[in-house]
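1. model the structure of this input:
(2 chains)
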Amino acid sequence: MKILVTCKRVLDPYVKARVKADGTGVNLDNVKMAMNPFDEIAIEEAIRMREAGKADEIVAVSIGAAKTEETLRTALAMGADRAVHVVTEDDIEPLGVAKVLKSLVESEQPGLVIMGKQAIDGDSNQAGQMLAALLGWAQGTNVSNVELDGDTANITREIDGGLERLALKMPCVLTSDLRLNEPRYASLPNIMKAKKKPMDKKPIDELGVDTAPRQTLVSVSEPPPRAAGVKVASVDELVDKLKNEAQVI
Amino acid sequence: MDFELNADQRAFIELASQFAEAELAPHAAEWDAEQIFPVETLRKAGELGLCGLYASESIGGLGLPRLDCAMVFEALSRGCTSTTAYISIHNMATWMVGQYASAEVGGALGPALCSGQQLASYCLTEPGAGSDAASLRTSAVRDGDVYRLTGSKIFISGAGSTDLLIVMARTGVDGPRGISAFAVDANSVGISFGRKEIKMGWNSQPTRQVNFDQVEVPAERLLGAEGEGFRIAMAGLNGGRINIAACSVGTAQMALEQARAFTLERKQFGRPIADFQALQFRLADMATELVAARQMVRLAASKLDIDDPDKSTYAAMAKRFATDAGYRVCDEALQLHGGIGYIREYPFERYLRDTRVHRILEGSNEIMRVLVARRLLDNAAALM
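-> Residues are numbered from 1 along each chain as shown, chains lettered A, B, ... in the order given. Okay, here's the model as predicted:
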C-alpha cells in the first residue's frame, strides 16, 4: 500500500510571531521556519506503518515556495521514500489545498492519506476534512491511535467527552493529533541519504485545479495586550462580572 | 563568498539543536552534580551519526566538512558543554582511526566507534609532558609482532569508561620525530587507571590517569608509520581545537540568550534592568564578541577543510579567541543575573566552570599564542 503524507512549512512554533507593520500578515522574513509539528507526527505514523509491513511506499507532499523543498527534505530524512513539491508563491486556502491534494491522490492512487490535524500557522483544521469530502472517502480526524486491519482502519479520536473509537473503510483520510506518536529525529546519515531521494516538482498551474482565493484578508493584528486583573470582593461580584462584563457565562 | 548557512548545515544544526534540547539540556545539571558519564545518551548520539561526524566514510563515518561539524558541536553544547566536549574528543579520536589506521584495522574498529557503541579517548599528555608534548616519555618497544607500551598518561578524558585509547608513545629518538601513535584496546593486560580526578567542571566525563605496564599492542595497531605520531597527534588537535572553541561559542550563546531574557524581565528601581544603558552596553559587547568568536571558529574550520597551509595558525587563533571570549560572555551572563547567577539552581556557574578548562586544554591559550607568534614572526612567510 502507498501512503500519501502532507507536510507544511510553517513559522517555527517556538519563535515569537510578529505581525507586519502594515497589517497584511505575519512577518516571515529572517525567521526560523520548521515543519508543522502535526505533520511530523503524520510522517512518523506512516513510517511506523511501513516498518510494520502495512505499507510499502511513503510519498511526502507539500505546497509552497522554493524553500518548501527543505521541509520535504526533512520528511525524506525522517524516512519518506519520495516527495512531491507543488510549487507556488501564493498562500493557498484550505479548499485549494484539498483540491491540489485530490489531484495528487488521483495520480498517485494511495491507499491512505495522513495529514496533520491542522497547521499551526493558520490553525484552520479544514484541509483534511475537505479532501475526504472531495474524494468521497471516509475521514478520521484528530486521531490518537491507528490500527490497520486489512481494508479497515480502526482509529481512536480525542473528542471533548473522551475517546471515540471508529472503524473506517479504506482508503481514507486520517489527521493526526498530538498524542498519536512521538516523531523520530532525522539522523545525520539519513539527512545525507535524503539528498538522493527523488523529489518531483510540479508548478501548481499544471495541476489544472482552481486554487484562486475565495476569502479576502482584511487585516492581521496582534492580540490586545493583557490588561491588569482586578480583585473581586465576593463570589456574587465574580459571577456578575463573568456574566455581564466578560460575557462568558 | 557567502556567509549564509547552506541547506545541509541548517538540517544538521536542526538535528543537533533538537538533540541538545531533548536529550542533553534536561540532564546537564544532574550529570554535573552527580558526575555521571551519560553512556546511554552517547549511544543515542551515535545512532544519529554524531559520533563519526568527520571520520571517513570508509570506516562508517559521515566525512562531513569541519565547518559543518563546528556548527553541530556549537548547537550540541547549548544542551551540555561537558558532554558535547567529550563527543568532540571521541570524534577526533575516531577521525584519527579513519585517517591513519590500516584499512583492516579501520574497518574493524571504525563502525563501533562511529555508531557510538564503543567510545574512545585521546592520550597525549603525561605528568612530565604537557605544553611540551614532544618531550613525552611513554615508550613503545617493538618485539616481533607487537609493541610493548610502558609509561603514564594524565588528564585523559573518558579514561576508565572508554573502549579504545589513541596513545602517543616514543618508538625512537628524543623529540617529535621519535613519537608514534597507536590504537590500543582499553582492556589490554597491563593497563590500569588512576582515581577519577575531582575537577572544577567537565563533570559529565571522567578524567583519569592511565598507566601502561608492558602493554602488548599488535603491530598493526600502529597509526601511520613509526615516527609520525607527533604529526598525527597535532593533526587531530587542529580539529580538536576548533571543536572545543565551538563548544565555548555554543555555551556562551546559551548564556547570552538567558541573560538577555533576564534583563528584560527583572525589574529594579521601577523598571526592567535592560533599560539601564550600562547593562545594554554589556549585552552589546557580549553579542559582538560572540559573533566575532563564531566567525573565527568557522573561518578556521573552513581553512582546515581546504587544507590551507596556515590552517594550524587559524585553528590556534580561533581556539585562543573563542575560548577566552566564550568564558567572558558566560561570566558576564552570570554577573547580569546577580545572586541568582551564583547559585546552582541556575546554569550560569556551570557554564563558567565548564568553559574554564577550554582555555587550558587542547593546547593552552598561551601555547596558542606561541603558535600564532611563531607563524607571524617567520621571516620567510608573508603576513597572514
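2. CA only for contacts and neighbour counts going forward, please
-> Fine.
3. what's the burial count for the nearest residue to A:Ile92 once chain neighbours are set aside?
-> What sits nearest to A:Ile92 in space, not counting adjacent residues and going by CA to CA, 6 or more residues apart in numbering or on different chains, is A:Thr211, at 6.6 Å. Burial of A:Thr211 is recorded as 19 neighbouring residues (other CA atoms under 10 Å in any protein chain shown).
4. now B:Gly61
-> Number of residues near B:Gly61 (other CA under 10 Å) recorded here: 25.
5. list the contacts of it.
-> Residues in contact with B:Gly61, defined by CA atoms under 8 Å, 6 or more residues apart in numbering or on different chains, are B:Gly49, B:Gly52, B:Leu53, B:Tyr54, B:Ala55, B:Gly110, B:Pro111, B:Cys114.
6. the last one contacts B:Gly52, doesn't it?
-> Yes - A contact is recorded between B:Cys114 and B:Gly52 when judged using CA atoms under 8 Å, the distance being 4.1 Å.
7. now do the shared contacts for these two.
-> Counting by CA under 8 Å, 6+ apart, the residues touching both B:Cys114 and B:Gly52 are B:Gly46, B:Gly60, B:Gly61, B:Asn91, B:Thr94.
8. my read is the third one is in a strand, agree?
-> No - using DSSP: H, G, I helix; E, B strand; the rest coil, the assignment for B:Gly61 is coil, not a strand.
9. how about B:Leu124, phi and psi?
-> phi -120, psi -50 (degrees, to the nearest 10).
10. so how far is chain B from the residue most central in space within chain A?
-> Closest to where the C-alpha atoms of chain A average out (CA atoms, centre = their mean) is A:Gly116, at 3.3 Å. In this view, A:Gly116 and chain B are 20 Å apart by CA to the nearest CA, to the nearest Å.
11. ok, now A:Val26?
-> For A:Val26, the distance to chain B equals 22 Å [CA to the nearest CA].
12. would you mind measuring from that residue to A:Asp90?
-> 14 Å (CA to CA, to the nearest Å).
13. so which bits of stretch B:184-197 are buried?
-> With burial defined by 16 or more other CA atoms under 10 Å in any protein chain shown, the residues of stretch B:184-197 counted as buried are B:Val184, B:Asp185, B:Ala186, B:Ile191, B:Ser192, B:Phe193, B:Gly194, B:Lys196.
14. the stretch 51-200 of chain B: strands as residue ranges?
-> Here the stretch 51-200 of chain B has its strands, by DSSP state E, counting those that start in this stretch, at B:120-123, B:139-143, B:146-157, B:164-170, B:179-185, B:191-193.
15. quick check: which of these is nearest to chain A?
-> strand B:120-123 (20.4 Å; CA to the nearest CA).
16. now for the closest one, which elements pack on it?
-> Applying 3 or more CA pairs under 8 Å, 6 or more residues apart in numbering or on different chains; DSSP states H and E, one finds that strand B:120-123 makes contact with helix B:81-100, strand B:146-157, strand B:164-170.
17. 6 Å instead?
-> Other helices and strands packing on strand B:120-123, by 3 or more CA pairs under 6 Å, 6 or more residues apart in numbering or on different chains; DSSP states H and E, are strand B:164-170.
18. buried ones in the strand it packs on?
-> Across strand B:164-170, burial judged by 16+ other CA under 10 Å covers B:Leu164, B:Leu165, B:Ile166, B:Val167, B:Met168, B:Ala169, B:Arg170.
19. swap in stretch A:120-127?
-> For stretch A:120-127, the neighbour count (16+ other CA under 10 Å) marks A:Ile120, A:Asn125, A:Gln126, A:Ala127 as buried.
20. and A:Glu89, helix, strand or coil?
-> Classified using three-state DSSP, A:Glu89 is coil.
21. so it touches A:Ala65, yeah?
-> Yes - assessed by CA atoms under 6 Å, A:Glu89 is found in contact with A:Ala65 at 4.8 Å.
22. read off the pLDDT value for B:Asn203.
-> At B:Asn203, the pLDDT value in this model is 98.
23. same question for B:Gly128.
-> For B:Gly128, the pLDDT comes out at 95.
24. just say helix, strand or coil for the nearest residue to A:Arg157 once chain neighbours are set aside.
-> Leaving aside its sequence neighbours, A:Arg157 sits nearest to A:Val143 (CA to CA, 6+ apart; 4.4 Å). Under three-state DSSP, the three-state class of A:Val143 is strand.
25. pretty sure A:Val143 sits against A:Leu174.
-> No - A:Val143 lies out of contact with A:Leu174 (CA under 6 Å); the separation is 7.0 Å.
26. now B:Phe73: how far from B:Thr83?
-> In terms of CA to CA, B:Phe73 sits 10 Å off from B:Thr83.
27. equivalent analysis for A:Pro171, please.
-> A:Pro171 sits at a distance of 47 Å from B:Thr83 (criterion: CA to CA).
28. after the helix or strand harbouring B:Ala292 comes which helix or strand?
-> Per DSSP states H and E, B:Ala292 falls inside helix B:277-305. The C-terminal neighbour of helix B:277-305 among helices and strands, as given by DSSP H and E, is helix B:311-336.
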